[in-house]
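>>> Quick one: sequence and predicted model below, then my questions.
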Amino acid sequence: MDVMPLLLLVAGSAAVAAAGRRVPVPVPLLLVAVGLVVSYVPGVPDYTLDPHIVLPLLLPPLLYTAATDSSYLDLRAQARPVALLSVGYVLFATFVVGCAAYLIVPGLPLTAALVLGAVVAPPDAVAATAVARRVGLPSRITTILQGESLVNDATAITAFKVALAAAVGEGATWAGGIGEFLIAAVGGVGVGLVLMVPLHWLRTHLTEALLQNTLSLLIPFVAYAVAEQVHASGVLAVVVVALYLGHRAWEVDFATRLQEEAVWKMVAFVLESAVFALIGLQLPVVLKGLGEYEGADAAWYALAVFLVVAVARFVWVYPATFLPRLSARVRAREGELSWKGPFVIGWAGMRGVVSLAIAFSIPLTVHGGEPFPERNLILFLTFTTVIGTLVVQGVSLPPLIRLLKFPAHDVQAETLAEANAQAQASRVAELRLDELLADERNALPAPLADRLRMVLERRRNAVWERLGQVNPVTGETVDDTYRRLSREMISAEREVFVRLRDGRYIDDEMLRTLLRRLDLEEAAAYRETT
């Protein structure tokens with residue numbers, strides 16, 4: 001097995017993604033563009049998307065990391081709009097795009113057109129998360145987009161299976177399709193509910209962070225594989241497990257959390273970079289089988305399908321947003337709502353690698369050995385829709401959000417809420433410390449007891465200091481100055497330890513022990529506060 005193409009893909013996409021952080025172009029778009037260019041460089045191997053690799057091996061970890069970073073409580077609060085988008089919109093888009101393609105493309109059977117509709121229906125989880133992180137959307141909109149992208153793949157895959165069965169002559173019916181969807185959805189959620197508690201128990205009872213993080217890397221694949229084995233939705237199983245584990249992550253020890261955060265950031269970075277690069281690299285594969293269509297016709301079909309996809313989302317989003325608000329109870333619970341939020345949600349419908357992977361899973365032939373009708377054209381239209389949404393919507397979304405001028409985050413109010421929460425926690429911790437020190441089994445010399453109290457007071461005061469005045473010379477808060485001086489002291493200690501190692505006064509094993517201790521102290525001093 002030649003691993004060089006895989007190494008080139010990972011290394012190249014990571015390098016482009018790293019460079020993209022220094023330019024104003026969105027990283028996903030830059031990766032796609034570089035993939036498009038590189039795909040025609042002589043000697044570059046063919047990177048044909050294999051659905052048997054993308055769906056079970058790439059999709060689970062990407063869904064898992066997106067779901068663990070999401071808020072279960074926020075998603076529960078936005079359950080109605082998330083459900084309307086992840087289920088209702090996907091089915092609506094499947095029907096609308098399928099019917100439009102049937103009318104636009106001469107000779108395209110309705111069943112094959114509905115296959116195309118199901119393929120391009122779901123906005124992509126990776127694209128939505130990447131855009132939301134970059135542009136700083138309001139939290140409610142971000143939650144809705146993330147929630148939609150976590151669940152909609154399950155709806156689209158089920159709709160695709162039903163449409164595909166009809167296209168290849170397996171006699172699928174609407175009733176059968178609804179039944180299959182319910183089985184997949186209920187089964188996927190059920191598998192997730194069954195797995196989440198024992199998996200969390202394992203995470204909290206393994207004693208080594210290394211073992212805990214090995215388990216963490218296996219969890220999305222296990223959940224997906226178990227669900228698919230019983231013909232349920234692997235997507236929903238992964239999402240349910242990830243939301244539960246993310247919600248209960250505070251019960252895992254600190255070493256695991258620190259290591260797990262770093263591990264999953266690396267995994268997400270590598271996979272997201274490779275996924276967007278793979279999209280661009282599909283161009284030669286897609287064009288290779290398009291020969292029977294003239295360039296002008298293919299371009300017109302691509303433009304028409306893209307426009308239908310973009311317009312259909314607005315046609316669904318606005319009624320789905322405002323019709324429920326005819327209820328006085330809904331209006332009272334959700335407050336005032338402007339047109340801006342639904343407009344951004346309507347425009348943030350980027351498609352991605354899942355659509356391409358599903359399209360590549362279309363069989364070459366139907367029953368009787370006949371070629372699948374217009375398979376190459378469906379691949380081409382899927383590819384152009386993915387590229388079109390990433391380019392047009394991905395590029396225009398950040399300036400659109402700036403133009404709409406959403407209310408900025410109230411940093412002062414958020415800091416005040418954080419300070420109040422820290423103050424309450426510190427009071428409880430101080431009472432617990434007094435209770436423990438009153439027991440003679442916990443006797444400590446006064447300096448050490450005072451040190452515990454000093455650390456607690458430092459945590460309590462640090463957030464309040466951010467609300468205070470800054471140094472007129474440096475512009476730093478007291479907390480910033482403390483952190484900087486602490487870092488200088490730790491850096492001086494680190495240089496001494498290295499010098500002692502180089503002089504053979506201590507060995508490398510002792511150096512690693514001492515440096516790890518300093519690293520933990522520096523992490524504590526510079527813990528994230530914003």
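Good, I have the coordinates.
>>> Can you name the element that comes right after the longest helix along the chain?
Secondary structure assigned by DSSP state H gives helix 174-205 as the longest helix of the chain. Counting by DSSP states H and E, the element after helix 174-205 in chain order, helix or strand, is helix 209-229.
>>> Show me what that following helix is packed up against.
helix 59-68, helix 174-205, helix 234-247, helix 254-281 (3 or more Cβ pairs under 8 Å, 6 or more residues apart in numbering; DSSP states H and E). From N, CA and C alone the C-beta is placed, and that goes for glycine too.
>>> Could you figure out how far the longest one is turned away from helix 254-281?
Counting by axes from the mean of the first three to the mean of the last three Cα atoms, to 10 degrees, helix 174-205 points 140 degrees away from the direction of helix 254-281.
>>> Run the angle between helix 174-205 and helix 209-229 for me.
Using the same axes, to 10 degrees: helix 174-205 against helix 209-229 is 160 degrees.
>>> before we move on, the earlier item: output the helices and strands packed on helix 209-229 as TSV; include the columns mean neighbour count.
Below are the helices and strands packed on helix 209-229 laid out as TSV (neighbours: other Cβ atoms under 10 Å):
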stretch	mean neighbour count
helix 59-68	24
helix 174-205	16
helix 234-247	26
helix 254-281	19
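>>> out of those, nearest to L145?
helix 59-68 (10.7 Å; Cβ to Cβ).
>>> Can you name every helix or strand that the closest one contacts?
helix 125-135, helix 139-167, helix 209-229, helix 234-247, helix 254-281.
>>> mean pLDDT for those: which is lowest?
Ranked by mean pLDDT, these bottom out at helix 125-135, with a mean of 64.
>>> List the contacts of the residue lying closest to W264 once chain neighbours are set aside.
Spatial nearest neighbour of W264, chain neighbours left out: T65 (5.0 Å); criterion: Cβ to Cβ, 6 or more residues apart in numbering. Each residue near T65 by Cβ atoms under 8 Å, 6 or more residues apart in numbering is listed here: A242, W264, V267, A268.
>>> Closest one to D519 out of these, please.
Closest to D519, out of all of the contacts of T65 and judged by Cβ to Cβ, is W264, at 19.4 Å.
>>> mind listing what the closest one touches?
Per Cβ under 8 Å, 6+ apart, neighbours of W264: T65, T68, S216.
>>> Could you export those as a markdown table, including distance to E260?
Formatted as a markdown table, the contacts of W264 follow (distance: Cβ to Cβ, whole Å):
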| residue | distance to E260 |
| --- | --- |
| T65 | 10 |
| T68 | 9 |
| S216 | 5 |
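>>> Which of those sits closest to V315?
Nearest member of the contacts of W264 to V315, counting by Cβ to Cβ, is T65, at 32.1 Å.
>>> Can you check what pLDDT the model gives the closest one?
So, for T65, pLDDT stands at 91.
>>> what's the answer for L193, then?
96.
>>> Now it. Nearest residue, chain neighbours left out?
Closest to L193 by Cβ to Cβ, 6+ apart is V240, at 6.3 Å.
>>> cool, F406 as well?
P138 (5.3 Å).
>>> just checking, that neighbour touches L404?
No - P138 is not in contact with L404 according to Cβ atoms under 8 Å; the separation is 10.3 Å.
>>> Who has more neighbours out of the two?
P138 (16 against 13; other Cβ atoms under 10 Å).
>>> residues near Q78, how many?
The burial count for Q78: 21, using other Cβ under 10 Å.
>>> oh sorry, the question was meant for V330
13.
>>> Kindly report the same for N420.
For N420, using other Cβ under 10 Å, the count is 12.
>>> And it, how far from L403?
Plainly put, N420 is 35 Å away from L403 if you go by Cβ to Cβ, to the nearest Å.
>>> what's the answer for A242, then?
With Cβ to Cβ as the criterion, A242 and L403 are 34 Å apart.
>>> Equivalent analysis for V267, please.
V267 is 35 Å from L403, by Cβ to Cβ.
>>> One more: L9?
Taken as Cβ to Cβ, the span from L9 to L403 is 36 Å.
>>> ok, these two, which is more surrounded?
Neighbour count, other Cβ under 10 Å: between L9 and L403, L9 has more, with 20 against 9.
>>> In contact with that one, which residues are there?
Y47, A274, A277, L278, L281 are the contacts of L9 under Cβ under 8 Å, 6+ apart.
>>> and if we set it to 7 Å?
Y47, A274, A277 (Cβ atoms under 7 Å, 6 or more residues apart in numbering).
>>> Quick check: next helix or strand after the helix or strand encompassing it?
Assessed by DSSP H and E, L9 sits inside helix 4-20. Following helix 4-20 in sequence order, the next helix or strand is helix 27-38 (DSSP H and E).
>>> on contacts alone, who are the packing partners of the helix or strand following that following helix?
The C-terminal neighbour of helix 27-38 among helices and strands, as given by DSSP H and E, is helix 51-53. With contacts taken as 3 or more Cβ pairs under 7 Å, 6 or more residues apart in numbering; DSSP states H and E, helix 51-53 sits against helix 353-360.
>>> thinking again about what came up before, adding distance to E334, write the helices and strands packed on helix 59-68 out as CSV.
Converted to CSV, the helices and strands packed on helix 59-68 look like this (distance: least, Cβ to Cβ, whole Å):
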stretch, distance to E334
helix 125-135, 20
helix 139-167, 9
helix 209-229, 33
helix 234-247, 22
helix 254-281, 32
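>>> Thanks again, I'm all set now.
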